[in-house]
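> coordinates only, no sequence provided:
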Ligand code: PAF
């Protein structure tokens, strides 16, 4: 696997790959890789002739009181995982190289970027969209791979690709879970063993909704009540949102008949975790 540490090296490496191969897939990450990330690399490997990945902890998507400094970084381990997953070129730039002094250009994600995580993390999606747009320009992939766990990020990036006419196909891969249902996240490493057990409340709230949906319940208020009831079982859990929304607009829906995203975010101790369930339209 070729390692590129500067924008110009990566630009050249991707140009050569695109000339030599038919299709190029991109897996953007912030490192601290787990099986969810590796499932993106595996899908990219299966669907493209060549695969590029990036590791960059993007300061622009962290708020002033968030965990940018503490965010787990383990470059050597990540490098080997990506190499074993068959990635051809890895981009690991410095913050100075990605954001040279005097940078004033950003991607404005509008109202969409201020919903769900964007409401409690102002500026987060502007940071995500800006870095992903840059990666798309540097790599020029045919396909780019993202996890369904970050459902609001998926909505924002889909809209950006459409609105700015990026010639890339977004491929969204399913959530990967631990055996007991906890969605994989780089932030799970922050949890103490007690918090790790309490964190199951997110997937339990979604499972309660899933059961109701199987029983053909479609009213959002009933699904929300089931989530509230689950969260009420742990008085220490702070719920950020438990929402029933349209997966594209992230606006609330009253009925899930036409499909919906059931999305939850909670703080378990000082760790903010998210999870979701995508409901397909009823036929
Ligand atoms: O999902 C992530 O890990 C990040 O938000 C991304 C897409 C790599 C942008 O920094």
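Thanks, I have the structure now. Here the structure is a predicted model, which means the values were calculated and not measured.
> can you list the residue ranges for helices in this structure?
In the chain, the helices defined using DSSP state H lie at 7-20, 35-47, 75-84, 95-98, 117-120, 124-139, 151-163, 193-198, 200-214, 220-232.
> so which elements touch the fifth one?
Put plainly, it is helix 117-120. When contacts are defined as 3 or more C-beta pairs under 8 Å, 6 or more residues apart in numbering; DSSP states H and E, helix 117-120 sits against helix 124-139, helix 151-163, strand 238-245. The C-beta positions use only the backbone N, C-alpha and C, and glycine is treated the same way.
> what's the closest of those to the ligand?
helix 124-139 (4.7 Å; C-beta to the nearest ligand atom).
> can you mark which positions in the closest one are buried?
By 16 or more other C-beta atoms under 10 Å, the buried positions in helix 124-139 come out as 124-136, 138-139.
> ok, and which of those reach the ligand?
Within the set of these, contact with the ligand (C-beta under 6 Å from any ligand atom) is found for 128, 131-132.
> residues from this structure in reach of the ligand?
28-30, 58, 61, 128, 131-132, 150, 153.
> any residues touching the helix or strand bottoming out on mean pLDDT in the chain, and which ones?
Lowest on mean pLDDT, DSSP states H and E among the helices and strands of the chain sits helix 95-98, with a mean of 93. When contacts are defined by C-beta atoms under 8 Å, 6 or more residues apart in numbering, helix 95-98 is touched by residues 5-7, 56, 58-59, 131, 134.
> so how far is it from its chain's centroid?
On the basis of C-alpha atoms, centre = their mean, to the nearest Å, helix 95-98 sits 22 Å off its chain's mean C-alpha point.
> kindly report the same for stretch 212-220.
So, by C-alpha atoms, centre = their mean, the centroid of stretch 212-220 is 27 Å from its chain's centroid.
> same check, this time on stretch 22-30
Taking C-alpha atoms, centre = their mean, one finds the center of stretch 22-30 at 14 Å from the center of the full chain.
> ok, now stretch 6-22?
Relative to its parent chain, stretch 6-22 has a centroid offset of 25 Å by C-alpha atoms, centre = their mean.
> can you point out the buried residues in that stretch?
Across stretch 6-22, burial judged by 16+ other C-beta under 10 Å covers 7, 9-11, 13-14, 17-18.
> quick check: closest non-adjacent residue to the residue nearest the centre of the chain.
Most central in the chain under C-alpha atoms, centre = their mean is residue 150, positioned 3.4 Å from the mean C-alpha point. Distances taken as C-beta to C-beta, 6 or more residues apart in numbering put residue 274 closest to residue 150, at 7.3 Å, once the chain neighbours are dropped.
> just confirm residue 115 contacts residue 152, I think it does.
Yes - here residue 115 reaches residue 152: they are 6.7 Å apart, a contact under C-beta atoms under 8 Å.
> what's around the nearest residue to residue 66 once chain neighbours are set aside, how many residues?
In this structure, residue 66 finds its nearest non-sequential neighbour in residue 121, 7.3 Å apart by C-beta to C-beta, 6+ apart. Neighbour count for residue 121, taken as other C-beta atoms under 10 Å: 21.
> over to residue 67?
So residue 67, with other C-beta under 10 Å, has 15 neighbours.
> ok, now residue 242?
For residue 242, the tally of surrounding residues (other C-beta under 10 Å) stands at 22.
> next up, the contacts around it.
Counted by C-beta under 8 Å, 6+ apart, residue 242 has contacts 205, 224, 227-228, 231, 263-264.
> before we move on, the earlier item: so the residue nearest to the centre of the chain touches residue 275, yeah?
No - using C-beta under 8 Å, residue 150 is not in contact with residue 275; the gap is 10.4 Å.
> returning to that earlier point: would you mark the buried spots in the least confident helix or strand of the chain?
Per 16+ other C-beta under 10 Å, helix 95-98 contains these buried residues: residue 98.
> can you check stretch 224-231 too?
224, 226-227, 230-231.
> on that earlier part again, you'd agree the residue nearest to residue 150 is up against residue 267?
No - at 10.7 Å, residue 274 does not count as touching residue 267 under the criterion of C-beta under 8 Å.
> nothing else from me, thank you.
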